[in-house]
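Enquirer: sequence unknown, structure follows:
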Ligand SMILES: Nc1ncnc2c1ncn2[C@@H]1O[C@H](COP(=O)(O)OP(=O)(O)OP(=O)(O)O)[C@@H](O)[C@H]1O
């Protein structure tokens, strides 16, 4: 009865049916109105969010317009005095003074500056000019230890708190925080400490109430963002700091420059609209070089030996390895050659690690052989070389790691040893991360590109533009420029597909190495295809081609777990599936370009015809076994009439549709290639279809009764295709140049 009143309906017990009908009618009207209102609410909320963002951006831009570089702030004289007398720094670098002025003006800011740029000074110096304590959140104990060492050497009172701090140390810090007479200026804590110690947060609140919480500096602030390369869940906790400690200016510092990360960080820390200061990422004193890594470990050791005893003799450096095992294995071998090195990785005891670090800083070791555990905060100014014995997992990681070199501004070298085998080792470790493969492939394109300025590639990654002049011959490519030529990769793509098709038809999966063997006419005879073999192609070049096809999205890695490890197999990528050719490839070479023959640069029609015949005969063989999908008849239908296939992603007709979709997003260069490729497209589609067909019978995918798309020839069962998502190839660069200088087949 109550409900009836609410709905304002006449409620008579005589006619409940008609009453119910009326109620339901009314309910429908209300639900519809609610839906309309809900829709309006959502669109208004979205608009509000956009307007708020615009206001914050305007605020940010407005702040950035102010002259932060001037020298007439109330603190300017004292700032200069401390800079010169305490820090013994004669002049400030770009963005240091503006950041310090913003901090001292009480403005929330983010400073984006490359590693070694001098970010720490931007909170250390203002700390000395302010009443109370500057709290510095830093992700690594080694980083904090490093800074404490430097500060103590300058007579500045600084302490740290971490999980390893003794009770006595903790009590001492807590009393300093609330004691107005304490001279403590900088307090370093890990984000874990903040997130997990209620006692610490309580004392921090007290410190704030007493007006002693002068600034909050968050080092490596990109760790807040999942888009960054080093996300740390405990950094998320910092989101409450703005609300908990109003009036305490926040300074975020990072060497990660992508705008997506910066915006995310602003949101997480609740400092949208703050001042963002961004320095250029170009480190002009660093020489970038990529060397082919010898396949035999002994040869690689010899090269390292030659570098450390030759070019880098008497100089200090870091050798980065991918795994702890690699570091542990490399050290004794190098020591046996009288090179003074020590390992550094996460499995070593903290005290031993710290000892290695100190001895290296004191030049008692020429180099540390380290995993990425030796990274953030390594502040040795005279590091003259950083050698990557193995590729990093992303461009960001590489930039950070190599950025340990040359922090004193003097020339230093950053050398990467690159080999295809390391791609698979890394990819099997990073593929579970959200953007792991995309990030890794970004670095691979840096490694396999044999022509473009390395600096240019790094700049592109960080949304910057550096002209060739910015490099000034400080990378291997700019030092020895090469002539280049466009290479049609269609032939390579087709040959690789032929090999994959044949292997799959024999229930074989191919790892990258196996595929490259077969591409070069090696490996099991039963899997070889004479017509698809690249005669005379050096292995290094073949590896780069397959790597290129992977990062271009023509091929993709398919990961399988075994009880012991994860294996990466190579399968056709989204481009091959859609019948889109690989992107264009520029080959660079000095000696060989003048006498290049058509055999490599323009695939001979003869070879293609042979391949087509081979594939066509294979296709026909398979097609005979297809019950539901007649590839031949479907691929001859005009695209418009393919309406039946709208839900099928993988039939050839659909692949054609995908082609047109993909073509719309392609550059004119790629479109030209596309039209070339389209003649062979059906053949490629056939290959991919066969491949899927065969691979389905290998993996025995569960059949679906709803929309069968092909029939397993071995079991007569109907199947769907269910391809796993890949990083979008459109996000990657299309033009890459690979080495041609050692290519015998060019002669
Ligand atoms: N204006 C300057 N002139 C000369 N040296 C400077 C200047 N500013 C900082 N430095 C020195 O540069 C080195 C690197 O500084 P710092 O450790 O602050 O870099 P960073 O930007 O924090 O790097 P990272 O991202 O690796 O933490 C230090 O040895 C520091 O003393």
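Expert: Structure received. Owing to the predicted nature of the structure, the values given are computational and were not obtained by experimental measurement.

Enquirer: neighbours of residue 33, how many?
Expert: Neighbours of residue 33 under the rule other C-beta atoms under 10 Å: 10. Quick note: C-beta positions are derived from backbone N, CA and C, even for glycine.

Enquirer: quick one, what contacts the closest residue to residue 522 other than its chain neighbours?
Expert: Using C-beta to C-beta, 6 or more residues apart in numbering and skipping the chain neighbours, the partner closest in space to residue 522 is residue 528 (7.9 Å). By C-beta atoms under 8 Å, 6 or more residues apart in numbering, the contact set of residue 528 is 518, 521-522.

Enquirer: ok, of the residues you listed, which come out buried?
Expert: 518, 521 (16 or more other C-beta atoms under 10 Å).

Enquirer: as CSV, the contacts of residue 528 with distance to the ligand would be great.
Expert: Converted to CSV, the contacts of residue 528 look like this (distance: C-beta to the nearest ligand atom, whole Å):
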residue, distance to the ligand
518, 44
521, 48
522, 45
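
Enquirer: from the contacts of residue 528, which land in strands?
Expert: Assigned to strands by DSSP state E, none of the contacts of residue 528 qualify.

Enquirer: now the contacts of residue 528 in CSV, with pLDDT?
Expert: As requested, these are arranged in CSV below (pLDDT from 0 to 100):
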residue, pLDDT
518, 94
521, 92
522, 91
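
Enquirer: out of the contacts of residue 528, list just those in helices.
Expert: Counting by DSSP state H, the contacts of residue 528 place residue 518 in helices.

Enquirer: would you turn the contacts of residue 528 into a markdown table with distance to residue 100?
Expert: Listed next are the contacts of residue 528 as a markdown table, based on distance: C-beta to C-beta, whole Å:
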| residue | distance to residue 100 |
| --- | --- |
| 518 | 60 |
| 521 | 64 |
| 522 | 61 |
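
Enquirer: quick one: which of the contacts of residue 528 is nearest residue 580?
Expert: residue 518 (23.2 Å; C-beta to C-beta).

Enquirer: next, the contact list for the closest residue in space to the closest one that isn't next to it in sequence, please.
Expert: Once flanking residues are discounted, residue 518 sits nearest to residue 499: 4.8 Å by C-beta to C-beta, 6+ apart. Neighbour list for residue 499: 510, 515, 518-519, 527, 529, 532 [criterion: C-beta under 8 Å, 6+ apart].

Enquirer: any chance of these in a markdown table, with distance to residue 416 and secondary structure too?
Expert: Formatted as a markdown table, the contacts of residue 499 follow (distance: C-beta to C-beta, whole Å; DSSP: H, G, I helix; E, B strand; the rest coil):
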| residue | distance to residue 416 | secondary structure |
| --- | --- | --- |
| 510 | 26 | coil |
| 515 | 23 | helix |
| 518 | 27 | helix |
| 519 | 24 | helix |
| 527 | 32 | helix |
| 529 | 33 | coil |
| 532 | 31 | helix |
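
Enquirer: mind picking the lowest-pLDDT entry from the residues you listed?
Expert: For those, the model is least confident at residue 532; its pLDDT is 84.

Enquirer: surely it is in contact with residue 519?
Expert: Yes. Using C-beta atoms under 8 Å, residue 532 is in contact with residue 519, at 7.3 Å.

Enquirer: need the overlap of contacts for these two.
Expert: Contacts common to residue 532 and residue 519, judged by C-beta under 8 Å, 6+ apart, are 495-496, 499.

Enquirer: going by distance to residue 35, which of the residues you listed wins?
Expert: Using C-beta to C-beta, residue 496 is the member of the shared contacts of residue 532 and residue 519 that lies nearest residue 35, at 52.2 Å.

Enquirer: which ones are touching the closest residue to the ligand within the stretch 401-550 of the chain?
Expert: Nearest residue of the stretch 401-550 of the chain to the ligand: residue 407, at 4.7 Å (C-beta to the nearest ligand atom). Contact analysis of residue 407 by C-beta under 8 Å, 6+ apart lists 115-116, 379-383.

Enquirer: now, of these, which are buried?
Expert: Neighbour-count burial (16+ other C-beta under 10 Å) applied to the contacts of residue 407 gives 115-116, 379-380, 383.

Enquirer: farthest pair in those residues?
Expert: Farthest pair in the buried ones among the contacts of residue 407, by C-beta to C-beta: 115 and 380, 12.2 Å.

Enquirer: great, nothing more from me.
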